[in-house]
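# any chance you can model this:
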Amino acid sequence: MVALLILNILDNVIQIYTWALIIYVLMSWVPNLRENAVGQFLGRICEPYLEVFRRIIPPLGMIDISPIVAFFVLNLARIGLHQVFLMFL
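Prediction:
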């Protein structure tokens with residue numbers, strides 16, 4: 001079925017993006033790791049999404065909780081995507 005194929009593709013894209021965010025956040029723990037080619041690539045794809053949450057939730061000192069909220073929203077989007085597809089199947 002085409003709808004299930006689309007659901008699987010979108011679900012995989014969300015999971016890959018979630019892993020990209022996790023790697024990007026973990027890279028911030030190691031000095032200068034974000035300066036290499038992989039870090040710059042992840043910065044280009046992750047920072048625009050994280051910036052939305054940073055405008056809403058300012059950092060608490062040196063602790064930035066915006067990635068936690070970003071993961072939560074991605075998970076809600078994934079669940080919502082499944083629910084929408086279940087309604088139409």
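# report how many residues lie close to Leu89.
By other CB atoms under 10 Å, the residues close to Leu89 number 9. Just so you know, the C-beta spots here come from the backbone N, C-alpha and C atoms, and that holds for glycine as well.
# I'd say it and Ala3 touch.
Yes: with contact defined as CB atoms under 8 Å, Leu89 counts as touching Ala3 (6.3 Å).
# tell me the centre residue of this protein?
When CA atoms, centre = their mean is applied to the chain, the residue found nearest the centroid is Thr18 (4.1 Å).
# mind listing what it touches?
When contacts are counted by CB atoms under 8 Å, 6 or more residues apart in numbering, Thr18 touches Phe71, Leu74, Asn75.
# wait, which of these is closest to Tyr49?
Nearest to Tyr49 among the contacts of Thr18: Leu74, at 8.5 Å, using CB to CB.
# pretty sure the closest one sits in a helix.
Yes: counting by DSSP: H, G, I helix; E, B strand; the rest coil, one finds Leu74 located in a helix.
# so for it, what's the pLDDT?
In this model, Leu74 is scored at 95, pLDDT.
# which non-adjacent residue is nearest it?
Once flanking residues are discounted, Leu74 sits nearest to Thr18: 5.5 Å by CB to CB, 6 or more residues apart in numbering.
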